[in-house]
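Undergrad: can you look at this prediction? I've put the sequence above it.
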Amino acid sequence: MTNAKKIIMANSPDQADLDRAPVRELDAACVRSETPCGDGRMVWRGWNSAGGNAPALVMLHGGAGSWQHWVRNIPVFSKRFHVLAPDLPGLGESADPPAPADMPTVAGVVAAGIDAVLGPQATYHIVGFSFGASVGGHLALQHGARVRTLNLLGAGGLVKPNTPITLERVRGKTGDELRETHRTNLGRSMIADKSRIDALALAIQDWNASRSRLNTPALIGLRPLAVSLPQLKIPVNAIWGERDQIAYYTLESRIAALRELRPGIEPHVIPGAGHWAAYEAADAFNAVLAGFLK
């Protein structure tokens with residue numbers, strides 16, 4: 001890796017940090033790289049227990065998120081792949097993208113980062129969650145045949161939602177009130193089975209939300225996948241949770257739109273799962289994605 005270094009996060013008595021113990025363990029085992037992003041840097045984390053010849057898998061998180069969206073997937077796929085999970089521009093620890101902050105610009109920053117971290121000729125797979133799915137489509141446009149497969153989870157950017165989701169404001173809240181507000185928002189937008197909203201999910205949501213700056217819904221509203229998918233000449237796969245809150249009222253129309261853009265595609269629907277299926281139904285998601293990556 002270029003300009004890579006090991007990082008280990010310090011222990012903290014803060015309860016939210018203790019709840020994030022699985023994140024801290026992954027962070028301690030990663031190799032961290034930074035590449036240019038606007039006036040600052042884009043942060044990448046990598047795991048490569050599979051060895052030096054392993055194929056690369058780039059995991060792009062969702063809106064108002066960070067690499068932590070993949071906390072239950074990285075340990076599985078790093079056994080077979082060189083996994084890279086960045087914080088996308090304007091989210092997590094990464095700096096804001098340069099102007100104009102549109103999808104081609106955001107994807108361009110990611111593409112340049114991959115060139116720096118993996119090398120300018122390296123091939124790789126993409127899995128993109130929600131906003132990351134749209135970034136992945138434009139990234140594949142820019143890198144062409146270097147992308148071996150594009151795998152979409154909970155993809156927006158296909159049709160306009162019929163029923164917008166209203167989230168509770170978290171600004172100014174602390175303690176139990178803040179945690180319960182995050183629990184409400186996760187139930188409305190991310191996790192269908194509320195019994196699966198555990199302490200780790202709440203801690204990740206709190207960390208992500210406090211560092212979100214990019215207006216990802218505005219970018220998704222421009223239907224970027226409707227632009228990128230018809231132009232791609234690589235294998236494209238799609239996964240949705242059956243109870244995906246973002247797509248719930250229009251899941252059938254989204255699948256129909258996807259099939260218009262990619263004739264012959266057969267999306268996989270995970271029973272009972274919500275938008276963040278990679279967390280809520282991690283075993284099922286990991287099995288489906290592993291099949292796509294064979």
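TA: All right, it came through fine.

Undergrad: for the most centrally placed residue in the chain, give me phi and psi.
TA: Central residue of the chain (CA atoms, centre = their mean): His61, 1.3 Å from the mean position. Main-chain torsions, His61, degrees, to the nearest 10: phi -80, psi 180.

Undergrad: go on, Gly128?
TA: Dihedral angles (degrees, to the nearest 10) for Gly128: phi -120, psi 130.

Undergrad: for it, list each beta-bridge partner.
TA: Leu60, Leu152 (DSSP bridges).

Undergrad: quick one: it from Glu168, how far?
TA: To Glu168, Gly128 is 27 Å away according to CB to CB, to the nearest Å. To be clear about C-beta, it is placed using only N, CA and C from the backbone, and glycine gets the same treatment.

Undergrad: sorry, back to before: quick one: contacts for the residue nearest to the centre of the chain?
TA: His61 makes contacts with 67-70, 85, 87-88, 91-92, 129, 131-132, as judged by CB atoms under 8 Å, 6 or more residues apart in numbering.

Undergrad: and which of these is nearest Ile270?
TA: Nearest to Ile270 among these, counting by CB to CB, is Phe129 at 13.0 Å.

Undergrad: I'd assumed Gly154 was in contact with the closest one.
TA: Yes - contact status for Phe129 versus Gly154: in contact at 5.9 Å, counting by CB atoms under 8 Å.

Undergrad: give the residues shared as contacts by these two.
TA: Common neighbours of Phe129 and Gly154 are listed as 62, 276 (criterion: CB under 8 Å, 6+ apart).

Undergrad: more neighbours, Gly128 and Glu168?
TA: Neighbours were counted for Gly128 and for Glu168 using other CB atoms under 10 Å; Gly128 has more, 26 against 12.

Undergrad: the more buried one reaches Leu153, doesn't it?
TA: Yes - Gly128 lies in contact with Leu153 (CB under 8 Å); the separation is 6.9 Å.

Undergrad: excluding covalently adjacent residues, which one is nearest to Thr35?
TA: Gly113 (3.9 Å; CB to CB, 6 or more residues apart in numbering).

Undergrad: wait, I meant Ala278
TA: Closest to Ala278 by CB to CB, 6+ apart is Phe285, at 4.7 Å.

Undergrad: what packs against the strand or helix carrying that neighbour?
TA: Assigned by DSSP states H and E, Phe285 belongs to helix 282-292. On a contact count with 3 or more CB pairs under 8 Å, 6 or more residues apart in numbering; DSSP states H and E, helix 282-292 meets helix 74-77, strand 147-153, strand 236-241, strand 268-270, helix 277-280.

Undergrad: quick one: mean pLDDT for the shortest one?
TA: So the one you mean is strand 268-270. Averaged over strand 268-270, pLDDT sits at 98.

Undergrad: same question for the last one.
TA: Over the span of helix 277-280, the pLDDT mean works out to 98.

Undergrad: which of the residues in stretch 104-117 are buried?
TA: For stretch 104-117, burial by neighbour count (16 or more other CB atoms under 10 Å) applies to 105-117.

Undergrad: over to stretch 183-202?
TA: Result for stretch 183-202 [16+ other CB under 10 Å]: buried residues 183, 185-187, 189-192, 196-197, 200-202.

Undergrad: pull the CA atoms of that stretch into PDB?
TA: Listed in PDB are the C-alpha atoms of stretch 183-202, where the atom choice follows Å, rounded to 0.1, in the frame of the first residue of the first chain:
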ATOM      1  CA  ARG A 183     -33.000   3.700  18.000                       C
ATOM      2  CA  THR A 184     -36.100   5.300  16.500                       C
ATOM      3  CA  ASN A 185     -34.300   6.500  13.400                       C
ATOM      4  CA  LEU A 186     -32.600   3.100  12.800                       C
ATOM      5  CA  GLY A 187     -36.000   1.500  13.000                       C
ATOM      6  CA  ARG A 188     -37.500   3.900  10.500                       C
ATOM      7  CA  SER A 189     -34.700   3.800   8.000                       C
ATOM      8  CA  MET A 190     -32.200   1.000   8.500                       C
ATOM      9  CA  ILE A 191     -33.200  -2.100  10.500                       C
ATOM     10  CA  ALA A 192     -36.600  -3.800  10.100                       C
ATOM     11  CA  ASP A 193     -36.600  -6.000  13.200                       C
ATOM     12  CA  LYS A 194     -36.300  -3.600  16.000                       C
ATOM     13  CA  SER A 195     -35.100  -6.300  18.400                       C
ATOM     14  CA  ARG A 196     -31.900  -6.400  16.300                       C
ATOM     15  CA  ILE A 197     -31.100  -2.700  17.000                       C
ATOM     16  CA  ASP A 198     -28.300  -3.500  19.500                       C
ATOM     17  CA  ALA A 199     -25.800  -1.400  21.300                       C
ATOM     18  CA  LEU A 200     -23.300  -1.700  18.500                       C
ATOM     19  CA  ALA A 201     -25.800  -0.500  15.900                       C
ATOM     20  CA  LEU A 202     -26.700   2.500  18.100                       C
END
